[in-house]
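need a 3D model of the following:
(one chain, ligands or ions: 1)
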Amino acid sequence: MKIVVMQRDETELKRAAAESAVALVTDGMVVGLGTGSTSTFAVSALGRRVKEGLRIIGIPTSERAAAQARELSIPISSLEEHPSIDITIDGADQVEEGSLNLIKGYGGALLREKIVASASRKLVIIVHESKLAKLLITDAPIPIEVVRFGWQTTVRHLETLGAEPAIRKNAGQAFETDGGNYILDSRFKPGTPADELAEGLDHIVGVVEHGLFIGMTSEVHVASETGVRVLK
Ligand code: A5P
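Residues are numbered from 1 along each chain as shown. Here you go, the predicted structure:
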């Protein structure tokens, strides 16, 4: 019973963070639509505002986000049509206090999320306070998206960087991303400098993208029992 009450509270806090970020969206903006349980609240809030007359164009970061936008009649488009995004609102799995560097990808959408973030003038992250961490690289895994061809070889290359990679599974099968790739959830030595690690991962053959978002965040809306605070 106690657990049910806590879950409802956390849900409400995610909604509060989402509402706070959606207040930044104004008429005529191109808006990146994030993926995950917190971003779902942002897309819902945008849907409500679109119904009230707000004119925006959404650029989804996943098939899930696109489906939700369509259900809510939020007009969606592509980066081909709209290469420059005014604001993207997305969740995160971990936020390093101070640098605002992120770990993303526990929901499997990290590649499109990073492409959309890189096309955005402003990346606004929405999280429950439990996602804040003093250091980015702890014992939590970093999702690494890899091409399926020769992924076992990519595992060996990652091991030379000190990784302990585990292929992500879903119902016993290797999980496939929207792009048809695999994800290796990889643990590294806690305290490893995140920027150096990101650079190392960028150079590994077979790695499509990784869940370290370095220097991309504009602001983070953090929801806690005491309200939503904005980290910049
Ligand atoms: C999706 O791939 C992720 O990057 C999500 O944005 C992240 O996992 C946050 O999800 P929640 O809001 O569900 O915690």
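
which residues touch the helix or strand containing Arg70?
Assigned by DSSP states H and E, Arg70 belongs to helix 63-71. Helix 63-71 is contacted from outside by 33-35, 39-40, 43-44, 46-47, 58, 60, 76, 109, 178, using Cβ atoms under 8 Å, 6 or more residues apart in numbering. For every residue, glycine as well, the C-beta is placed using N, CA and C.

now what about whichever helix or strand comes after that helix, what contacts it?
Per DSSP H and E, helix 63-71 leads on to strand 85-90 as the next helix or strand towards the C-terminus. Strand 85-90 is contacted from outside by 18, 21-22, 24-25, 29-36, 39, 42, 59, 61, 79, 104, 113, 116-117, 119-126, using Cβ under 8 Å, 6+ apart.

repeat that for 7 Å
Applying Cβ atoms under 7 Å, 6 or more residues apart in numbering, the contact partners of strand 85-90 are 21-22, 24-25, 29-32, 34, 39, 42, 59, 61, 113, 116-117, 119-126.

from those, list the ones also adjacent to the ligand.
Filtering those for proximity to the ligand (criterion: Cβ under 6 Å from any ligand atom) leaves 34, 39, 113.

the helices in this structure, which residues?
For the chain, applying DSSP state H gives helices covering 2-22, 37-51, 63-71, 110-118, 151-160, 194-202.

in CSV, list those along with mean pLDDT and mean neighbour count.
Below are these laid out as CSV (pLDDT from 0 to 100; neighbours: other Cβ atoms under 10 Å):
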stretch, mean pLDDT, mean neighbour count
helix 2-22, 81, 16
helix 37-51, 98, 21
helix 63-71, 98, 18
helix 110-118, 98, 23
helix 151-160, 98, 16
helix 194-202, 98, 16
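
turn those into JSON lines, columns for distance to Asp93.
Shown next, in JSON lines, are the helices of the chain (distance: least, Cβ to Cβ, whole Å):
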{"stretch": "helix 2-22", "distance to Asp93": "13"}
{"stretch": "helix 37-51", "distance to Asp93": "10"}
{"stretch": "helix 63-71", "distance to Asp93": "16"}
{"stretch": "helix 110-118", "distance to Asp93": "9"}
{"stretch": "helix 151-160", "distance to Asp93": "19"}
{"stretch": "helix 194-202", "distance to Asp93": "13"}
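
what's the closest of these to Leu135?
Across the helices of the chain, Leu135 has its closest neighbour in helix 194-202 (8.3 Å, Cβ to Cβ).

now that closest one, how far from the centre of its chain.
18 Å (Cα atoms, centre = their mean, to the nearest Å).

good, we can wrap up now.
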